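>>> give me coordinates for this.
(one chain, ligands or ions: 1)
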Amino acid sequence: MTGSSRTTFYITTPIYYVNAEPHIGHAYSTIVADVIARFHRLSGSETFFLTGTDEHGNKVVEAAEKSGETVKAYVDRISRTFKEAWPKLDITNDYFVRTTDRNHQDTVREILSKVYAKGDIYFSDYEGKYCIGCERFYTDTELAEGKCPIHMSEPQLIKEENYFFRMSSYQDWLIDYIDKHPDFIRPERYRNEVRAFLRQPLEDLCISRPKKRLSWGIPLPFDESYVTYVWFDALINYISALGYPEGERFKRFWPVAQHIIAKDILKPHGIYWPCMLKAAGIEPYQHLNVHGYWNVDAGKMSKSLGNIVNPLDLAAKYGLDAFRYFLLRDMVFGLDSDFSEESLVKRLNADLANDFGNLVSRSMTMAITYFDGLLPAPGTLDEVDISLKEAALKVIDDYEGMMKEFAFHKALITVWELIGRANKYVDTMKPWAMAKQRRERLGTVLNNIAELIKVVSVLLWPFMPQTAEKIQHQLGLGVVGLEVDLASLREWGGIRQVRPISKAPPLFPRVKRQKEEEVKEEPHLVSLEDFQELDLRVGIIKEAEPIPGSKKLLKLTVDIGEERSIVAGLANHYQPDELKDKQVIVLANLRPVRLMGVESRGMILAAEDERGVHILMPDKESKPGSIIT
Ligand code: MSP
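Next up, the predicted model:
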C-alpha cells in the first residue's frame, strides 16, 4: 500500500502523573501500546503512537513540595525519567506530550473558550468530596464506606465557587452512542460498567480550581483567577499532540484514535472525555481499550509497602524481550494479574529457552552442518510439509484477528502452538537421518523449517523486536523487522537468503530458579526520592562524654548548624577526647530516641571493618550544617 490509500492507526497511553517514577503498571500500558503500534506498522498502516506526562494538579504539587524543588524543576526531572525510560524498553512512540507544553496549554484554552461560548460552562457553588489521589470528586454512592475505593482514604470536603461543564446534558447522547457502538469501550465488562454508571443521573463536571488554592495549572481563558481542573486539561493531550484543529496529523489520525488505559481511569475516559469532545464538536475516539491491574504480593503496589516493581531492573536482569513477552503473555487483557519473578522465570525457561530457543538453535545448527548455512532451493513438498505450511498460514490469520481485538495472550498462545508443531515436525522428520542418502529431501525439510521460523519471527516482532531481528539476521535474510511485512508472509516458498546462516549464542539462556530465601536476600534498591528523604549533614563534635552505666555509649554534643545531643556506640573505639572537634556526617532526621536516659536526635555515620569502627568525615573541612547530596 502506498500514498494516501494507506490505512492509518493512532494509539495512545495514559499520560502519567509525574508524582512517581515509572513502574511496572506504567510499563505494561506503554508496552501494550508499543506492541499494537508495531503490529499496525507490520500490517502496512501509517501509525502514530503517543505517550507523555500529566504535570498539573494537586497531586503533582504535593510531590514537588516534598522533594524540596520548585514545581517546574520537579516536573521537568520526573518527566525526563519517563521519557528516558521508554527507549530502554524499546518503546517506539512517535511523540512525547507534556501538559506543560505551550501548544498543549493553548489547545486546552481554545477548547475551553469554544465550550464556554457554546454556553456549556457556567459558574456556581459546589460542595463535594475530593480524592487527591484520583484527582476527582466522588459521589456518596461511589465511595466505599465513605472512602475512595482506589486509595482507601477519606476524601476531602471541598466547598467553593467554581466553573462547571454541563456534562449532564450529554448523558442521553452518550448512552445512545455506546449502545450503537458496542465496541466503543472494550472489553465488554468495562462497557457494562460505564453503562451501569450512566443509569444514574450524570452530574455536571467541576472544571476549575481557584488560583488561591492551586496556582499550578492552565488559567481559564474566561477567568484568569481560576486554573483548569487537571482532568479537563489532561484528556485534551490526545488531540493537542496531533495539532488540533488544523494540523495534518489531527486530520489523518484522530478518526482512527484508540486509547489504552487501566480500569482506574475508566470514568474520565469513558464518560468525561466523550462528552467533552461532543461539546467541542469533535468526533468521539474509535475505541477505549481497558486493561486490569498488575498486583504484587496479592495486593496493590505502593510506595509505603515498598513493593513497587521497577521495569528497568527486570529488563536488565532477565532481558528486555523476555520481560516484554512475560507481560503480554501472562496478563489477559482486561483482567487483573499477579506479578511474580518466579512466574517470569518459569515462562522464560519453558516458553522461550525450551520451546522457541531450542527450535531455532537446532534448526540453525543443522543448516550450518549440512549446507554450510546456505539452504538449497526446496524440492516438491510432501503432505507433512504442506500441513505445516497450512498450519502456519492459519496462524497468521488467527493472529491478525486476535491482535486487532487486543487478545495478546491468545495471539501468543497460537504462535506457541505453531512452535510446538514445528518442534514435532523436526522430531518426526529426523533431518539428521537424511544427511547421507536423501540430501534433496533434507534441503526441502530444512527450508520448510527456516520458512516457519521466519514467519514466527515476524509475528513475534511486535512483542520481542530484538529477538525477531536477531533471528532474521541469523537466518541470513536481507531484510529485518519492518521490511518483512504480514502480507508477504503468506507467500510461503523458500526463504531468500543473502548470507549463509550463521552461528549465534542461544537466544534465551535458561535462568536458574531462585529459591525464596535467595530472592529475599537480594539488595533492596531505593529510588532517588527515597534517598532524598534523608537529611544528611556535616557536623562538628563540640563535646563527648561517657554515659554512666554504659560501656558502649558516648553522649556527643554536635553542631550541625544547630546543637544536637546524639548518643553513639563509639566508646569501645574512641576516647572522648579524641572525638572533640572532629567533623562528622550526621543523619539529622532520624526519629529521636532515649538511650540510657539520654535523648539522641540523629546518628553519626561510621564504617566498620575487622579493625574496628571509623567515623566518616568530609575530606576538606566543611561548614557545620552543610547538606550532603
Ligand atoms: N494522569 C492520569 C492519566 C491521564 S490520561 C489523560 C493518571 N496517571 S497515572 O500515572 O496514575 O497512571 C495511571 C495508569 O498507569 C493506569 O491507567 C495504567 O495505564 C497504568 N497503571 C498504573 N498502575 C498500574 C498497575 N498496577 N497495573 C496496570 N497498570 C497500571 O492516571
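
>>> and the one residue in the chain that gets nearest to the ligand, how many neighbours does it have?
With Cβ to the nearest ligand atom as the measure, residue 25 is the residue of the chain nearest to the ligand, at 2.2 Å. Placement of C-beta: from N, CA and C, glycine included. Residues lying near residue 25 (other Cβ atoms under 10 Å) number 23.

>>> residues in this structure within reach of the ligand, list them.
Contact residues (Cβ under 6 Å from any ligand atom) of the chain with the ligand: 14-17, 25-26, 28-29, 54, 234-235, 237, 261-262, 264-265, 293-294, 301.

>>> mark which of the residues you listed are part of strands, please.
Using DSSP state E, the members of these that fall within strands are 14-17, 54, 261-262, 294.

>>> helix or strand right after the lowest-mean-pLDDT helix or strand in the chain?
Every helix and strand in the chain was compared by mean pLDDT, DSSP states H and E; the lowest is helix 516-521, with a mean of 41. Counting by DSSP states H and E, the element after helix 516-521 in chain order, helix or strand, is helix 528-532.

>>> for that next one, buried residues please.
Neighbour-count burial for helix 528-532 flags no residue at all (criterion: 16 or more other Cβ atoms under 10 Å).

>>> that helix: what's the following helix or strand?
Next along from helix 528-532, by DSSP H and E: strand 536-546.

>>> for the nearest residue to residue 35 once chain neighbours are set aside, grab the count of nearby residues.
Nearest non-adjacent residue to residue 35, counting by Cβ to Cβ, 6 or more residues apart in numbering: residue 462, 4.5 Å away. Residue 462: 24 surrounding residues under other Cβ under 10 Å.

>>> so residue 462 sits right up against residue 42, yeah?
Yes: using Cβ atoms under 8 Å, residue 462 is in contact with residue 42, at 6.6 Å.

>>> what about dumping the CA coordinates of stretch 90-107 to CSV?
This file holds the C-alpha atoms of stretch 90-107, laid out as CSV (Å, rounded to 0.1, in the frame of the first residue of the first chain):
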residue,chain,number,x,y,z
ASP,A,90,12.3,-0.4,23.1
ILE,A,91,9.2,1.8,23.1
THR,A,92,8.7,3.4,19.7
ASN,A,93,6.4,6.3,20.5
ASP,A,94,6.3,9.0,17.7
TYR,A,95,5.7,11.8,20.1
PHE,A,96,6.0,12.6,23.9
VAL,A,97,3.5,15.1,25.1
ARG,A,98,3.7,17.2,28.3
THR,A,99,0.8,19.1,29.6
THR,A,100,3.2,21.9,30.4
ASP,A,101,4.0,22.3,26.7
ARG,A,102,3.0,25.6,25.3
ASN,A,103,0.9,24.2,22.4
HIS,A,104,-0.9,21.8,24.7
GLN,A,105,-1.9,24.7,27.1
ASP,A,106,-3.1,26.8,24.1
THR,A,107,-5.2,23.9,22.9
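
>>> list the buried ones in it?
For stretch 90-107, burial by neighbour count (16+ other Cβ under 10 Å) applies to 90-91, 93, 96-101, 104-105, 107.

>>> avg pLDDT for it?
Taken as a whole, stretch 90-107 carries a mean pLDDT of 98.

>>> now do the one helix or strand residue 323 maps to, average pLDDT.
In the assignment (DSSP H and E), residue 323 maps to helix 320-330. For helix 320-330, the mean per-residue pLDDT is 98.

>>> give me the contacts around the helix or strand that it is followed by.
Per DSSP H and E, the first helix or strand lying C-terminal to helix 320-330 is strand 337-339. Contact with strand 337-339 is made by 24, 292-296, 298, 309, 330-331, as judged by Cβ atoms under 8 Å, 6 or more residues apart in numbering.

>>> partner strands of strand 337-339 and their direction?
strand 294-296 (parallel) (DSSP bridges).

>>> so the helix or strand following the strand it pairs with versus helix 320-330, what angle?
Note on strand 294-296: by DSSP H and E, the next helix or strand toward the C-terminus is helix 311-318. Counting by axes from the mean of the first three to the mean of the last three Cα atoms, to 10 degrees, helix 311-318 lies at 110 degrees to helix 320-330.

>>> what's the neighbour count on the closest residue to residue 373 other than its chain neighbours?
Once flanking residues are discounted, residue 373 sits nearest to residue 500: 3.0 Å by Cβ to Cβ, 6+ apart. Neighbour count of residue 500, defined by other Cβ under 10 Å: 14.

>>> now the phi/psi pair for the residue nearest to residue 35, please.
phi -60, psi -30 (degrees, to the nearest 10).

>>> list the contacts of it.
Residues in contact with residue 462 (Cβ under 8 Å, 6+ apart) are 34-39, 42, 403.

>>> and which of those is nearest residue 446?
residue 42 (25.9 Å; Cβ to Cβ).

>>> how about the residue nearest to residue 373, phi and psi?
The phi and psi values for residue 500, taken as degrees, to the nearest 10, are phi -70, psi 160.

>>> didn't it look like it was pressed against residue 370?
No: judged on Cβ under 8 Å, residue 500 makes no contact with residue 370 at a distance of 12.0 Å.
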